[in-house]
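Q: just need the structure, nothing else, for what follows:
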Amino acid sequence: MTRALAIVMFLGACTADLPAESTDEAGLEVCGSGPTVKGIDVSYYQGTIDWARVRADGVEFAFSRISDGLNTIDSKFAANWAGSKAAGVLRGAYQYFRPSQDALAQADLFLEKLGPLGADDLPPVIDVEADGGLSPSQVAAKVRIWIDRVEAATGRRPIIYTGFYFWRDSVGSADFLPSPLWHAQYTTAACPNIAAPWTDWALWQFTDSGRVAGITGNVDVNRFNGTREQLLALTGEPRACGVIPAEGGLIDDGDACFRAGGTPTSLRQVSTVGEGSDLIWTHTTDRATEDNYAEWSLVFAEGGRYQLEVSTPAAYAQSTQARYQLELGGVAQEVVLDQTAVDGWQSLGAFDVTAGGEQRVHLGDNTGEPGAEMVKLVFDGLRITRLDGGSGSGSDAGSGSGAEPRRGARRGGRLHRRRRRGGARGGARSAAPSSSSSSSALISGGGRAGS
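A: Predicted coordinates:
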């Protein structure tokens, strides 16, 4: 994630009326994690763009402006949106946000002009670099309205474009994690200085005077912090989550009912261990809010009482206080689990659920274990077994047990009820059912039914 803004209005595209920032500013210096991917952001200031030449010049993604608040609809958006896709450039859209204007109306305008997101479109972006004379708390509240509206409509967590000084001074370092950070800082330095509360950057706009074939004049140039494969992980339309049969089932990482979110480079994928011989892990933090998370969405064919178990392979499960947030049967509760207690399946407990969706298990990385300790937290399979007369497998139920559930617990101060897109690694697992009691047949649309 990135940082400061340096922008002159007439230069256009994700640029603003803020002074350029230098590398001697305060803030957390964060270097990229390895490979980066080249991209640009554009508006009508770039005129007519030859997108085929842009793609041939090594540009792999582009964000196009939809509007400057409510007043200026970008006349080139439709052409840039269609042209970038036709040329094979991953596309995204952003809106220059005006806090002094109606936030909900700006979000609705953005959504109207954007239309439905495709399977290979990048998440929406809110460009936060103007305060409109409002206080930091007022700006933060307006940004929250926009993000909540757009996320609810698209099923994607919006990216925030901003800079260190502006976010610190004009938004009050408000915490909008897990929105990825698109940081603006014009410098030749290898590593940017980013605003709190982010500890990493997803995108870095490092110059507003880049030159790219197919574009006349200067253009903003960006780096994505990761590989093209990791950039692709940000795309994808929401997928339908499968229904858990009456007897129960299993949801593994990568299934449509599983979602891992946060910073792609902080979510490590392993293909040698875990349920289905794969898992995802990240490091824990002692922050008040999460940076990275996993969520298992649950849609039950029948209500009843079910046992929930999680897979905790010893090779990567190191957290002794993993905090699972559960929303089941209309009740919010928290289970604190020692992932090191059992190398295999551990029980979160027995719970009453209702038929239908809007039920979930959520695990964030903010367990209270400091990041400096490099504690690994595992996101792997979730097994659901019927206890009150169903025909679920459950014959090798895990021997571990979580702490007593705490009713009414909240994460980040509120329960998040937002649509999720598919898992970080693609669609539902297509492997044939295993004959072992710890595996099971695929749930229709996104998990596995009890064997």
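
Q: just for the stretch 301-450 of the chain, where's the confidence low?
A: 390-450 (pLDDT under 70).

Q: ugh, typo on my part, it should be the stretch 151-300 of the chain
A: 236-241, 264.

Q: all strands for it, in order.
A: 159-162, 181-184, 193-194, 203-210, 219-225, 248-251, 258-261, 268-270, 279-283, 293-300 (DSSP state E, counting those that start in this stretch).

Q: which among the ones you listed is found nearest to residue 373?
A: For residue 373, the closest of those is strand 279-283, at 8.5 Å, according to CB to CB. In this view, the C-beta of every residue, glycine as well, is placed from N, C-alpha and C.

Q: name the single longest helix found in this structure.
A: helix 136-154 (DSSP state H).

Q: remind me what that one packs against, helices and strands.
A: In terms of contacts (3 or more CB pairs under 8 Å, 6 or more residues apart in numbering; DSSP states H and E), helix 136-154 is packed against helix 103-114, strand 125-127, helix 164-170.

Q: kindly compare burial across those and name the winner.
A: strand 125-127 (a mean of 26; mean count of other CB atoms under 10 Å).

Q: what lines up beside that one in the sheet?
A: strand 90-96 (parallel), strand 159-162 (parallel) (DSSP bridges).

Q: in the helix or strand hosting residue 336, what counts as buried?
A: Assigned by DSSP states H and E, residue 336 belongs to strand 331-337. Neighbour-count burial for strand 331-337, counted by 16 or more other CB atoms under 10 Å, picks out 332-337.

Q: do stretch 97-104 as well
A: 97-99, 103.

Q: swap in stretch 346-365?
A: Buried residues in stretch 346-365 (16+ other CB under 10 Å): 346-349, 351, 353, 359-365.

Q: who are the packing partners of the strand holding residue 336?
A: With contacts taken as 3+ CB pairs under 8 Å, 6+ apart, strand 331-337 sits against strand 322-328, strand 344-353, strand 406-407.

Q: will you turn the ones you listed into a markdown table that also has distance to residue 246?
A: Putting the helices and strands packed on strand 331-337 into a markdown table (distance: least, CB to CB, whole Å) gives the following:
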| stretch | distance to residue 246 |
| --- | --- |
| strand 322-328 | 16 |
| strand 344-353 | 11 |
| strand 406-407 | 26 |
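
Q: those strands: which one's closest to residue 60?
A: Nearest to residue 60, of all the helices and strands packed on strand 331-337, is strand 322-328, at 35.8 Å by CB to CB.

Q: ok, residue 265 touching residue 229?
A: No - here residue 265 lies out of contact with residue 229, judged by CB atoms under 8 Å, at a distance of 11.2 Å.

Q: pull up the overlap in contacts between the two.
A: Contact with both residue 265 and residue 229 is made by no residue, according to CB atoms under 8 Å, 6 or more residues apart in numbering.

Q: which one of the two has more residues nearby?
A: Ranked by neighbour count (other CB atoms under 10 Å), residue 265 and residue 229 place residue 265 first, with 18 against 11.

Q: now do the more buried one against residue 235, distance only.
A: 16 Å (CB to CB, to the nearest Å).

Q: next one: residue 66
A: Distance, residue 66 to residue 235, by CB to CB: 18 Å.

Q: more neighbours, the two?
A: Comparing residue 66 with residue 235 by other CB under 10 Å, the one with more neighbours is residue 66, at 26 against 19.

Q: that one: what secondary structure?
A: strand (DSSP: H, G, I helix; E, B strand; the rest coil).

Q: residue 114 is in contact with that one, correct?
A: Yes - between residue 66 and residue 114 there is a contact at 6.4 Å, judged by CB under 8 Å.

Q: which neighbours do these two have in common?
A: Residues touching both residue 66 and residue 114 (CB under 8 Å, 6+ apart): residue 93.

Q: quick one on the thing from earlier: pick the one among the buried residues of strand 331-337 closest to residue 269.
A: Closest approach between the buried residues of strand 331-337 and residue 269, by CB to CB: residue 337, at 21.8 Å.

Q: wait, that closest one touches residue 349, no?
A: No - at 9.7 Å, residue 337 does not count as touching residue 349 under the criterion of CB under 8 Å.

Q: kindly format the C-alpha coordinates of whichever strand or helix holds residue 53 as CSV.
A: Assigning secondary structure by DSSP H and E places residue 53 in helix 51-56. Coordinates of each C-alpha in helix 51-56 appear next as CSV, following Å, rounded to 0.1, in the frame of the first residue of the first chain:
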residue,chain,number,x,y,z
TRP,A,51,-4.7,1.0,-26.3
ALA,A,52,-3.0,-1.6,-28.5
ARG,A,53,0.2,0.4,-28.3
VAL,A,54,-0.2,0.9,-24.6
ARG,A,55,-0.4,-2.9,-24.1
ALA,A,56,2.6,-3.4,-26.4
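
Q: ok, residues contacting it?
A: Helix 51-56 is contacted from outside by 40, 62, 80, 83-84, 86-89, 212-215, using CB under 8 Å, 6+ apart.
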